[in-house]
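Enquirer: here is a sequence together with a model predicted from it:
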Amino acid sequence: MEAADFPSDPTISLREAAESDLPAIVEIYNAAIPSRTSNADLRLITVESRLDWFHAHSAERRPLWVAVHEGRVVAWVGLSDFLPRYAYHITAEASLYVDPSLQGRGLGPWMMQQLIDECPQLGVENVISLVFAHNKPSLKVHERLGFERWGLLPGVTKLDENRGDVVVLGKKI
């Protein structure tokens, strides 16, 4: 996880998230809510509501990393259990959020690739991402990273008054 591996800005570093990063993680997540393109929450979430989620991550199995630029958390990426039953332990769901001011510069794909590269050491054989079908930029990033379309969940979301599909993207490690 060397910052020098990120080609467009070597001043960005990637590290394991600390609980003290949770306010910044929540702020970045909340910034995506109004667009209705990258998460299914319709109202802002709180730090307190994310404490259990944060503690479900571990460096050894389901990491949560943050990108830091000039002392500020500007993005996060992590793996979560895909489903709770044990047979699914070889499959993890990836999540990635980038501060709007840094989107479109390659930071997200770089972070996701770092996470993918770590998967063999974590015992992860499959990475899954659930992406809204109308989120074309995210679909393109996943495609460039070698994800394939493994499924479609038609009409499973209602964002305000709009029904939406979710694309299941997967990558075998």
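Expert: Looks like it arrived, so ask away.
Enquirer: okay, and Val168 sits in which element?
Expert: strand 162-172 (DSSP states H and E).
Enquirer: for that strand, packing partners?
Expert: If contacts are counted by 3 or more Cβ pairs under 8 Å, 6 or more residues apart in numbering; DSSP states H and E, strand 162-172 sits against strand 126-132, helix 136-144, strand 148-159. In short, each C-beta sits where N, CA and C put it, glycine included.
Enquirer: repeat the analysis, applying 6 Å as the threshold.
Expert: strand 126-132, strand 148-159 (3 or more Cβ pairs under 6 Å, 6 or more residues apart in numbering; DSSP states H and E).
Enquirer: which of the ones you listed sits most buried?
Expert: strand 126-132 (a mean of 20; mean count of other Cβ atoms under 10 Å).
Enquirer: can you show me the helices along the chain?
Expert: 22-32, 51-55, 107-122, 136-144 (DSSP state H).
Enquirer: the last one vs strand 148-159, what angle?
Expert: Angular relation of helix 136-144 and strand 148-159 on a 0 to 180 degree scale: 160 degrees, by axes from the mean of the first three to the mean of the last three Cα atoms, to 10 degrees.
Enquirer: same check on the longest one?
Expert: Here helix 107-122 points in a direction 120 degrees away from that of strand 148-159 (the same axes, to 10 degrees).
Enquirer: show me what counts as buried in helix 107-122.
Expert: Buried residues in helix 107-122, defined by neighbour count with 16 or more other Cβ atoms under 10 Å: 107-116, 118-119, 122.
Enquirer: can you check stretch 87-103 too?
Expert: Under 16+ other Cβ under 10 Å, the buried positions of stretch 87-103 are 91-99, 102.
Enquirer: repeat for stretch 136-146
Expert: Those would be 138-139, 141-142, 145, for stretch 136-146 by 16+ other Cβ under 10 Å.
Enquirer: wait, Glu125 touches Lys171, no?
Expert: No: proximity of Glu125 to Lys171 does not meet the contact threshold set by Cβ atoms under 6 Å, at 9.9 Å.
Enquirer: who has more neighbours out of these two?
Expert: Neighbours per residue (other Cβ atoms under 10 Å) separate Glu125 from Lys171, with Lys171 holding more: 19 against 14.
Enquirer: list the contacts of that one.
Expert: Residues in contact with Lys171 (Cβ atoms under 6 Å, 6 or more residues apart in numbering) are 127, 146-147.
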